[in-house]
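1. Sequence and predicted structure, then a few things I'm wondering about:
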Amino acid sequence: MPHELTELKIKTVTKAAHTPTERLTADICVVGAGIAGLSAAVEASALGRSVVLVDALPVLGGQCVNSLIGLFCGVYGNGPEYRQLTHGIFDPMFADLGKTGDIHFNKSHTMTVSYDEVVLGRWIENLVQSLNIQVVLGASVLEVEAGEGTLRSATFATRHGLVGVTATGFVDASGDASLTWEAGLACRVPERTIWGSQQIRLENLREEFRPEHAELSARVHEKADEYGLLRRDGLAFFFPGRNTAVMNMTHVEAPLEAVPAARAQLEGRRQADRVVEFLRREFPKAFGEAKVRTYGFPGRRQTRWIAAEHQLTVDEVRTGHRFGDAVARTAWPIELHDRPEGYVWETYDSDHVHYVPLRSLLPIGTHNLVAAGRCVDGDAAALSSVRVMGPCAAMGFGAAHALDLAGTGSVQEIDHTELRTRLHANVDS
Ligand SMILES: Cc1cc2nc3c(=O)[nH]c(=O)nc-3n(C[C@H](O)[C@H](O)[C@H](O)COP(=O)(O)OP(=O)(O)OC[C@H]3O[C@@H](n4cnc5c(N)ncnc54)[C@H](O)[C@@H]3O)c2cc1C
């Protein structure tokens, strides 16, 4: 008699004719778990609302974690004061990551915050779990049931079948306005590509020999053709003391169709490899032994965004126009990647701040849908500033409060004075 390894039996199964849709119900359904959606979900939960947070990726964190952005921009104002303009999720995040040395504050014309994306990813997962936010991952929005400006439910396709979410309020934090698009509402796209990038984190660097930004950019400009580089400038974000850096040196298209998007993803990686070759040969002291630790998921800047009640304009950015229904503010420059070789960069004075109104988050004619993050409405230049992660988080925070104030009513009709009181720390302090 042979020795039994296990008592485990197996059974034979076949797919039923109609696989049932898994159904969830919540006060708020947030689509997109990048910095904007996370901020919205966490704040809605803090307000006592039940939350379902859905993302097409199999992980939380959106681009912030998975595209290796590596640097929070637009959270602080310009120097010399470096006022904190957005609080909310950043306060506990910076406090916790600060204890383990996993963030670093960099002062130049403004203050940016470098972070370790692995540590941040786990911090986000722990936070979401501790708040009992219902997470659905690997789930792409498939269809939306809506009528007379009100969304009732959204269905998502996952590798395990369909998931339906019925909610009182919805946040479109998908970056590509996917929820708004599937609801059949008007969206905007740029007439020509706004370039994305393939970010990489390099390790094995010698930070003490790092080239200055101007030197790196000048060398790329001079040698781009020789190395087959499309983009003729470059940014290296070293994490102090770790001999690693996130490199932002490619320009890759960010299509909205599946097959071209996959092609662009592979093209991005090829460009990134050429960048590594360039760095190793041109800056051997700093990059001679460089290894790619991680290739990020495709970095997408401005792809498709909502057509809202108000389109933020570059003039409103330049003049710092103050809106009665402001939900976010930043001092970040215009940073428009509308050409393959580089980008438009316009900085502002030390006391400059510009704002995003709630109306730029509200798809025209809708009552319970609020966008947040890089898919809110602006002209191409205005959006290129307010899409950085500081204001994206503030918009998520604002979206949660707007939907909370609306309850079962219309978010178009909430009291802006009450909203402003609630968002004081992010727009008035
Ligand atoms: C290369 C690059 C460098 C950048 N550098 C900086 C920087 O240094 N500092 C800075 O602050 N900002 C930077 N930005 C801008 C910033 O990273 C993004 O604009 C910001 O992260 C957007 O956050 P979000 O939450 O709006 O969207 P995202 O982070 O894009 O999250 C959207 C989420 O929605 C999900 N989603 C999309 N479609 C669907 C769907 N159909 N169904 C379900 N889920 C869906 C996605 O999977 C994703 O996780 C950079 C951007 C890029 C591309």
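-> Structure received.
2. Against which helices or strands is the longest strand along the chain packed?
-> Among the segments of the chain that qualify as a strand by DSSP state E, the longest is strand 161-172. Contacting strand 161-172 under the criterion 3 or more Cβ pairs under 8 Å, 6 or more residues apart in numbering; DSSP states H and E are the following elements: strand 22-31, helix 35-46, strand 51-55, strand 150-158, helix 178-182, strand 369-371, helix 389-406. (Each C-beta comes from the backbone N, C-alpha and C, glycine too.)
3. deepest of the ones you listed, which one?
-> Of all those, strand 369-371 carries the top mean neighbour count, a mean of 30, counting by mean count of other Cβ atoms under 10 Å.
4. Can you name the residues bridging to the closest residue to the ligand within the stretch 201-350 of the chain?
-> Nearest to the ligand in the stretch 201-350 of the chain, going by Cβ to the nearest ligand atom, is Gly299, at a distance of 3.0 Å. Judged by DSSP bridges, the bridge partners of Gly299 are Ser197.
5. That one contacts Gln198, correct?
-> Yes: using Cβ atoms under 8 Å, Gly299 is in contact with Gln198, at 6.5 Å.
6. Next, see if the helix of greatest length in the chain gets close to the ligand.
-> Using DSSP state H to define each element, the chain has its longest helix at helix 258-282. No: using Cβ under 6 Å from any ligand atom, helix 258-282 stays clear of the ligand, coming no nearer than 9.6 Å.
7. Could I get the average pLDDT for that helix?
-> Taken as a whole, helix 258-282 has a mean pLDDT of 98.
8. What residues of that helix count as buried?
-> Within helix 258-282, the residues that qualify as buried are 264-265, 267-269, 271-272, 274-276, 278-279, 282, counting by 16 or more other Cβ atoms under 10 Å.
9. likewise stretch 106-117?
-> Across stretch 106-117, burial judged by 16+ other Cβ under 10 Å covers Thr110, Met111, Thr112, Val113, Ser114, Tyr115, Asp116, Glu117.
10. Determine how far it lies from the middle of the whole chain.
-> The chain centroid and the centroid of stretch 106-117 are separated by 17 Å under Cα atoms, centre = their mean, to the nearest Å.
11. Can I get that stretch as PDB, trimmed to CA atoms?
-> Taking C-alpha atoms only, stretch 106-117 is exported to PDB below (Å, rounded to 0.1, in the frame of the first residue of the first chain):
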ATOM      1  CA  ASN A 106      13.900  68.800  -2.400                       C
ATOM      2  CA  LYS A 107      14.000  72.500  -2.400                       C
ATOM      3  CA  SER A 108      14.500  74.500  -5.600                       C
ATOM      4  CA  HIS A 109      12.000  77.100  -7.000                       C
ATOM      5  CA  THR A 110       9.400  75.000  -5.300                       C
ATOM      6  CA  MET A 111       9.500  72.000  -3.000                       C
ATOM      7  CA  THR A 112       9.100  68.500  -4.400                       C
ATOM      8  CA  VAL A 113       9.000  65.200  -2.400                       C
ATOM      9  CA  SER A 114      10.900  62.100  -3.500                       C
ATOM     10  CA  TYR A 115       9.500  58.800  -2.300                       C
ATOM     11  CA  ASP A 116      10.300  55.100  -2.400                       C
ATOM     12  CA  GLU A 117       7.500  53.700  -4.500                       C
END
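12. anything in that stretch sitting right up against the ligand?
-> No: remark: stretch 106-117 sits outside contact range of the ligand, by Cβ under 6 Å from any ligand atom, the gap being at least 6.9 Å.
13. How is this structure divided into domains?
-> 22-191+303-427, 200-295 (automatic domain parsing).
14. Mean neighbour count, those domains: which tops it?
-> Ranked by mean neighbour count, the domains of the chain are led by domain 22-191+303-427 with a mean of 21 (mean count of other Cβ under 10 Å).
15. what mean pLDDT does it have?
-> Here domain 22-191+303-427 scores 98 as its mean pLDDT.
16. How far off centre is that domain?
-> With Cα atoms, centre = their mean, you get 7 Å for domain 22-191+303-427.
17. Number the chain from 56, please
-> With the count now opening at 56, the last piece we talked about shows up as domain 77-246+358-482.
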